[in-house]
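Visitor: no sequence for this one, just the structure:
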């Protein structure tokens, strides 16, 4: 699958939602924990060798599951392959929890669900559709039924 | 740079919401290693699927895997002065980056695509969510002010049934307080970088509400003005290519 890597690299240089040095292990046989700089930008998690400007890789954070593992450790896995886990070891339990919370909210799909929820609540309370003012009330992404297609 | 391609491809074809889809002709970009004097521009017809800030394209509508992906961050979408009618381009802020030139079937299709792609960025969605979050808080407060009696939030018993275990339930379950307020967890969209949306003033909370439905119209009138300003500013930023 082709993709605009150049733009992705550019995105990796944008201000991060969250960034930290952690230990990371990829789901590959024989893989060990390695020190990495991880950076959350929109719905991508970039990971770098700590002394390099360009990321080794990126994880798109859609349809992923963030799981608390043992102490200080969380993992990211994807729906279609739940056993393949990217593991991250943080410096502290607190840092671990912060990352879990941030990553759970990082997907576009999460924002979409939030928006639909708020829209629905506002509509119920006020009788008005808050998206009408934007002229976007008809767009597919904002529909209540949008989840199931 | 590595990417979790298998998961990305899966996301492209699974049943998550599609924001827009359709056939487009995509201009083939050739690397000019040698000078080609007689070089015809060619286009390939592809099935395009927009999900969030990701634009996938497939060889055929029924293809099980995308052939490509365009990440729509840091780009602008503009009409194109190409030889083709109904052409538009996705251009990136990075000047050296190639543009994607796409051709729609007709005027309506082109306009629909340009509109959908212009609003595809993550930041746009985040701004809208934050705005609605605020509106809901304000609506709750004015409701509580309008009516003296406590009111139970209807959303407190909401359950979200998500068949997919990896799709996490909304964190924002309101906690109903005694005086009828509902508050939402501060988590939603609060952690993002960036300041308060321009145009929103704290003075919004000082609206004189009256115990009748007219107070909601007033509220929406005020918000309407703020939002019109916001919207214009967003559109300006979109034009300038602000991600």
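Guide: All right, it came through fine. For clarity, every value in this text was computed on a predicted model and none was experimentally measured. Numbers count the residues shown, from 1 in each chain, chains lettered A, B, ... in the order given.
Visitor: in chain A, which helix has the most residues?
Guide: Across chain A, the longest stretch assigned as helix under DSSP state H is helix A:108-126.
Visitor: Output the contacting helices and strands for that helix.
Guide: helix B:122-146, helix B:214-240 (3 or more C-beta pairs under 8 Å, 6 or more residues apart in numbering or on different chains; DSSP states H and E). C-beta here means a position set from N, CA and C on the backbone, and glycine is covered the same way.
Visitor: Can you list the buried residues in it?
Guide: A:108-123, A:125-126 (16 or more other C-beta atoms under 10 Å in any protein chain shown).
Visitor: With stretch B:21-28 instead?
Guide: Result for stretch B:21-28 [16+ other C-beta under 10 Å]: buried residues B:21, B:24-27.
Visitor: Among the residues you listed, list the two that are farthest apart in space.
Guide: B:21 and B:27 (19.5 Å; C-beta to C-beta).
Visitor: I'd guessed residue A:49 sits against residue A:21; true?
Guide: No: taking contacts as C-beta atoms under 8 Å, residue A:49 lies outside contact range of residue A:21: 10.8 Å.
Visitor: mind listing what the residue nearest to residue A:73 when sequence neighbours are not counted touches?
Guide: Counting by C-beta to C-beta, 6 or more residues apart in numbering or on different chains, residue A:89 is the residue found nearest to residue A:73 once chain neighbours are left out, at 4.9 Å. Going by C-beta atoms under 8 Å, 6 or more residues apart in numbering or on different chains, residue A:89 touches A:22-24, A:33, A:72-73.
Visitor: For chain B, which segments are assigned as helices?
Guide: B:5-13, B:107-118, B:122-146, B:214-240.
Visitor: ok, of the ones you listed, where does mean pLDDT dip lowest?
Guide: When the helices of chain B are ranked by mean pLDDT, helix B:214-240 comes last with a mean of 57.
Visitor: Any residue of stretch B:13-30 touching chain A?
Guide: Yes: using C-beta under 8 Å from any C-beta of the partner chain, stretch B:13-30 reaches chain A at B:14-20.
Visitor: From those residues, list the buried ones, please.
Guide: Here, 16+ other C-beta under 10 Å leaves B:16-20 buried among those.
Visitor: Sort out for me which of those residues are in strands.
Guide: Residues of those located in strands (DSSP state E): residue B:20.
Visitor: For the buried ones among the residues of stretch B:13-30 next to chain A, could you give me JSON lines that also reports distance to residue B:82 and pLDDT?
Guide: Compiled in JSON lines, these are given as follows (distance: C-beta to C-beta, whole Å; pLDDT from 0 to 100):
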{"residue": "B:16", "distance to residue B:82": "32", "pLDDT": "86"}
{"residue": "B:17", "distance to residue B:82": "31", "pLDDT": "86"}
{"residue": "B:18", "distance to residue B:82": "27", "pLDDT": "92"}
{"residue": "B:19", "distance to residue B:82": "25", "pLDDT": "93"}
{"residue": "B:20", "distance to residue B:82": "21", "pLDDT": "95"}
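Visitor: tell me which of the buried ones among the residues of stretch B:13-30 next to chain A is nearest to residue A:102?
Guide: Of these, the one sitting nearest to residue A:102 (C-beta to C-beta) turns out to be residue B:16, at 20.9 Å.
Visitor: correct me, but the closest one touches residue A:109?
Guide: Yes: using C-beta under 8 Å as the test, residue B:16 is close enough to residue A:109 to be in contact (6.2 Å).
Visitor: shared neighbours, these two?
Guide: A:62-63.
Visitor: Of the residues of stretch B:13-30 next to chain A, just say which sits nearest to residue B:60.
Guide: Of all the residues of stretch B:13-30 next to chain A, residue B:18 has the smallest distance to residue B:60: 16.2 Å, by C-beta to C-beta.
Visitor: From residue B:106, how far off is that closest one?
Guide: 20 Å (C-beta to C-beta, to the nearest Å).
Visitor: ok, now residue B:41?
Guide: Distance from residue B:41 to residue B:106, counting by C-beta to C-beta: 20 Å.
Visitor: ok, residue A:66 - contacts?
Guide: A:74-76, A:100, A:103-104, B:168.
Visitor: same thing but at 6 Å, please
Guide: Residues in contact with residue A:66 (C-beta atoms under 6 Å, 6 or more residues apart in numbering or on different chains) are A:76, A:100, A:103-104.
Visitor: swap in residue B:44?
Guide: B:26, B:28 are the contacts of residue B:44 under C-beta under 6 Å, 6+ apart.
Visitor: Please name the bridge partners of it.
Guide: residue B:26 (DSSP bridges).
Visitor: same question, residue A:89
Guide: residue A:23, residue A:73.
Visitor: Please report the number of neighbouring residues for residue A:85.
Guide: 18 (other C-beta atoms under 10 Å in any protein chain shown).
Visitor: and the helix or strand hosting it, how far out from the chain's middle?
Guide: Assigned by DSSP states H and E, residue A:85 belongs to strand A:81-89. Taking C-alpha atoms, centre = their mean, to the nearest Å, one finds strand A:81-89 lying 14 Å from the centre of the chain it belongs to.
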